[in-house]
Each structure stands twice: as C-alpha cells, then as structure tokens.
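Novice: no FASTA, just this:
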C-alpha cells in the first residue's frame with residue numbers, strides 16, 4: 001500500500017484546507033440560524049411561492065424556517081458544491097498527474113502492476129473524500145448541538161450519506177477522465193461537476209427532463225427529497241453504476257495505454 005500512503009501524504013495539505021474551509025462555512029451557517037429563525041417563516045413562505053425558481057432549488061418542498069430545512073438548503077449547497085469540486089480536483093490529478101509531472105516513468109520501473117498502482121490511487125481518493133465528509137458532518141452536527149436546536153438525526157445522516165455517494169460518483173467519473181489525459185485536467189473536472197449541478201436544477205424543474213434524475217447525482221442528494229422520504233432507489237443505483245463505470249474504465253484504460 002505504498003502508493004496509497006504516498007497519495008494520502010501528497011494530498012494532506014489540500015485535504016486539510018478543503019475540510020477546514022468547507023466545514024467552517026457549514027459551522028458558520030448553522031451558527032447564524034438562531035439569529036435568523038424569527039424571520040425564517042416569512043422568508044420560507046416567500047421562497048415557496050416563487051414558482052420555477054423555488055422548484056429549481058427545492059425550496060417549494062423544504063420548510064426553510066426549520067432547522068432541518070435551513071441546514072439542507074444552506075449547508076447542503078456548501079458541501080454539495082465544495083465536496084464535488086474537491087472530488088473532481090483530486091481525481092483529475094491522480095493518473096494524468098503522473099504523466100504531466102513525468103513521474104510515470106519512475107513509477108512503472110517498480111515491480112508494481114499498473115492496475116495495482118491505479119487501484120491504490122483510487123482507494124486514496126475514496127478515503128480522502130470520506131474524510132472530508134466526516135469532517136463536515138462533525139462541523140455541521142457539532143454546530144447544531146452547540147446552538148441547542150433539535151434535528152432529525154436519521155434524516156441528517158441519510159442526507160450526508162447521499163452527499164458522500166454523490167462525491168464518490170463524481171470522483172469515479174473524473175478518475176476515468178483522468179486516465180485519458182496526458183496532464184492534469186482541473187478545468188474539465190470542475191466543469192463536469194458544475195454541469196451535473198445545473199443538470200440537477202433542470203431535473204427539479206421537471207419540464208420534460210425527467211430522465212436527468214438518472215444522470216445527475218444532485219437529484220438523489222437533494223435534501224428536499226431525502227427529508228420528504230421520497231423513493232430514490234432508481235437514481236441511487238444509476239449513480240452507483242455511473243461512478244463504478246467511470247472508475248472501472250480508468251483502471252482498464254490506464255492498464256493498456258501508452259505512457260508518454
């Protein structure tokens with residue numbers, strides 16, 4: 001597991017910065033809730049009546065004035081975007097970075113198969129994304145306990161599990177893309193994550209684009225759907241399949257490509 005440990009050490013600073021910033025933003029948002037709670041009911045009613053804009057962000061289904069509704073919308077957007085960008089950023093540099101940094105030649109001279117090298121990198125990605133989400137869960141849940149608000153912890157854990165799965169899916173897709181590149185493709189990875197986010201907004205509008213729920217992971221990681229108890233088995237299975245397909249393609253292609 002030498003390569004696995006090396007990747008964890010190499011990404012340690014990036015991991016700590018992303019975790020501190022994302023978790024800190026979530027804690028700040030939760031800390032702001034008590035001072036805003038009095039006016040949140042009127043704001044929730046206002047947002048719920050804004051037609052397509054409300055539907056696009058799930059505000060027609062969330063009780064924005066409640067702790068869970070506020071958390072799902074504000075903290076969910078923070079972790080949903082920052083976590084997806086972190087997964088894409090990390091995954092895009094795993095394989096392409098070896099060729100772009102001219103370290104692939106050194107790596108391939110060792111008695112380690114390409115499949116094992118890529119597999120350990122993929123495992124490191126999964127652990128880093130998991131670590132980021134655990135840190136953010138601790139910040140969010142700790143903030144709720146600190147301000148003394150009530151929360152449905154079952155729904156909260158399901159929501160964070162969906163966000164983790166979403167980020168693993170994006171990481172798997174970007175890992176597959178990384179195997180096709182000769183150097184890092186940060187812009188491509190961030191662009192893919194952003195495109196999936198906007199696809200989730202379009203899926204919420206549900207205007208002949210219902211098929212997008214099987215494409216974008218932001219559909220099954222939507223707090224409004226999770227807190228409402230909607231059945232999301234189909235989109236979740238589709239998301240797992242897409243993520244596994246991307247990761248599997250990356251492992252397969254890296255094992256057969258010509259290393260520049």
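Specialist: Received the coordinates, thanks. Keep in mind that what you see is a predicted model, and the values were worked out from it rather than measured.

Novice: what about residue 1, neighbour count?
Specialist: Counted with other C-beta atoms under 10 Å, the neighbours of residue 1 add up to 10. Using the backbone N, CA and C atoms, a C-beta is placed for each residue, glycine as well.

Novice: the residue nearest the centre of the chain: what's it in contact with?
Specialist: The residue lying closest to the centre of the chain (C-alpha atoms, centre = their mean) is residue 167, at 2.8 Å. By C-beta atoms under 8 Å, 6 or more residues apart in numbering, the contact set of residue 167 is 83-84, 86-87, 129, 132-133.

Novice: where's it, which helix or strand?
Specialist: Residue 167 is part of helix 153-178 when elements are defined by DSSP states H and E.

Novice: now do that helix: distance to the chain's middle.
Specialist: 5 Å (C-alpha atoms, centre = their mean, to the nearest Å).

Novice: okay, and for the stretch 101-250 of the chain, where does confidence drop off?
Specialist: Along the stretch 101-250 of the chain, segments meeting pLDDT under 70 span 101-110, 184, 206-207.

Novice: all the helices of it, residue numbers only.
Specialist: 104-108, 114-147, 153-178, 186-205, 223-227, 233-256 (DSSP state H, counting those that start in this stretch).

Novice: now residue 171. Nearest residue, chain neighbours left out?
Specialist: In this structure, residue 171 finds its nearest non-sequential neighbour in residue 87, 3.9 Å apart by C-beta to C-beta, 6 or more residues apart in numbering.

Novice: distance check, residue 116 against residue 17.
Specialist: 29 Å (C-beta to C-beta, to the nearest Å).

Novice: kindly report the same for residue 212.
Specialist: Counting by C-beta to C-beta, the gap from residue 212 to residue 17 is 32 Å.

Novice: the more surrounded of those two?
Specialist: residue 212 (20 against 11).

Novice: ok, the more buried one - contacts?
Specialist: Contacts of residue 212 (C-beta under 8 Å, 6+ apart): 199-200, 202-203, 219.

Novice: many thanks, I have nothing further to ask.
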